[in-house]
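J.: Fold the following for me, if possible:
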Amino acid sequence: MKQFASLFYTMQTVKYDKLADIVCDLITEENMALVCAIVNQKGGVGKTTTTVNLAAYLATRGKRVLLFDLDPQGNATSGLGIEKDKVELSSYDIIIDGVSLADCLQETSVRNLKVCPSNINLAGAEVELASMDNRENRLKSAFEAYSEAYDFLLIDCPPSLGLLTLNALIAADTVLVPIQAEYYALEGVSQLMETVNTVKNGLNPELDIFGVLITMFDGRTQLANQVEHEVRKYFGDKVFKTVIPRNVRLSEAPSYGQSILEYDKRSKGAEAYHKLSREVIARERKYNKK
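T.: As a prediction, the model looks like this:
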């Protein structure tokens, strides 16, 4: 019943003609949290932008969302208005010291959205993890007690395929891969897919590709359209119909510590992430029926 209270808040942030969809979302049967690792070892592909804005829009649709910042840069943390330099407990403390997830969570300005922050302390975590027992399952253990408290648990992974990302892939149910609509877009994707398959075959048999998202798309250029064609050819129906455009407002929002929903909800970038959130919810329903 708690989710119905969020309906009144949601009415203030989306158009009235979307309320039927939202009510449908709110009355669906509660399931275990869908843990989704948002990952691409190639930097600058819109990974953190996607994590922050997808989380915000899912939350406005009444979903209980936890964003787990696993990137030492902490951009998802600062992008939600949290001063990472002032964070006392972070994802580092969970991974290395076994601190409870609940002790690290912080509220955000978006209702239904909480964040486990990150900061520069996490930069040395991979070196520390290398000598620890059960090093690849640290994150999975931290999540187990909280799987019923949220609908979505989104992990913003670092731009690498090291032990932190391995922890995310083992803890996750699914993987969302942002791919930039530019030259060399598919460079490194085959390596990522090999890593995902290795984890699936040995350490996390339930791991699945939830979706592939084309980002930074400029439909005016032939190159962007060619890249989109190749990505859809390679991944098939795993590619989301929604494409995230190049958008100045999306680039500006993090400097104000806001999601695009708060910064400029009428922008093209905001419209795209709103559409993406609807696709994600639709796929999540199908996933839970498996």
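J.: Could you list the low-pLDDT ranges of the stretch 1-150 of the chain?
T.: Segments of the stretch 1-150 of the chain classed as low confidence (criterion: pLDDT under 70) are 1-31.
J.: all strands of it, in order?
T.: Per DSSP state E, counting those that start in this stretch, the stretch 1-150 of the chain has strands spanning 34-38, 65-69, 106-107, 113-116. These are given in chain order.
J.: got those as TSV, with distance to Ala172 columns?
T.: No exception for glycine: its C-beta is placed from N, CA and C like everyone else's. TSV is the format used below for the strands of the stretch 1-150 of the chain (distance: least, CB to CB, whole Å):
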stretch	distance to Ala172
strand 34-38	4
strand 65-69	10
strand 106-107	22
strand 113-116	15
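J.: And those: which comes nearest Val52?
T.: Proximity to Val52 (CB to CB) singles out strand 65-69 among the strands of the stretch 1-150 of the chain, at 7.1 Å.
J.: can you list the strands of the stretch 1-150 of the chain in a markdown table and add mean neighbour count and distance to Ala145?
T.: Supplementary listing: the strands of the stretch 1-150 of the chain in a markdown table, determined by neighbours: other CB atoms under 10 Å; distance: least, CB to CB, whole Å:
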| stretch | mean neighbour count | distance to Ala145 |
| --- | --- | --- |
| strand 34-38 | 25 | 13 |
| strand 65-69 | 28 | 13 |
| strand 106-107 | 14 | 18 |
| strand 113-116 | 26 | 14 |
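J.: right, and those - which one's nearest Gln222?
T.: strand 34-38 (28.4 Å).
J.: circling back: between the strands of the stretch 1-150 of the chain, which gets nearest to Ala149?
T.: strand 65-69 (7.8 Å).
J.: Each with direction, which strands does that closest one pair with?
T.: Each strand that strand 65-69 pairs with, and the sense of that pairing, follows from DSSP bridges: strand 113-116 (parallel), strand 152-156 (parallel).
J.: Of those strands, which is nearest Gly44?
T.: Smallest distance to Gly44 across those (CB to CB): 14.1 Å, for strand 152-156.
J.: Return the alpha-carbon coordinates of the closest one using PDB.
T.: The C-alpha trace of strand 152-156 is given here as PDB (Å, rounded to 0.1, in the frame of the first residue of the first chain):
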ATOM      1  CA  PHE A 152      15.100  -1.800  -8.900                       C
ATOM      2  CA  LEU A 153      18.700  -1.900  -7.700                       C
ATOM      3  CA  LEU A 154      20.900  -0.200 -10.300                       C
ATOM      4  CA  ILE A 155      24.700  -0.500 -10.100                       C
ATOM      5  CA  ASP A 156      26.800   2.200 -11.800                       C
END
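J.: gap between the helix or strand that comes right after it and the chain center?
T.: Per DSSP states H and E, the first helix or strand lying C-terminal to strand 152-156 is helix 163-171. Going by CA atoms, centre = their mean, to the nearest Å, the spacing between the C-alpha centre of helix 163-171 and its chain's C-alpha centre is 14 Å.
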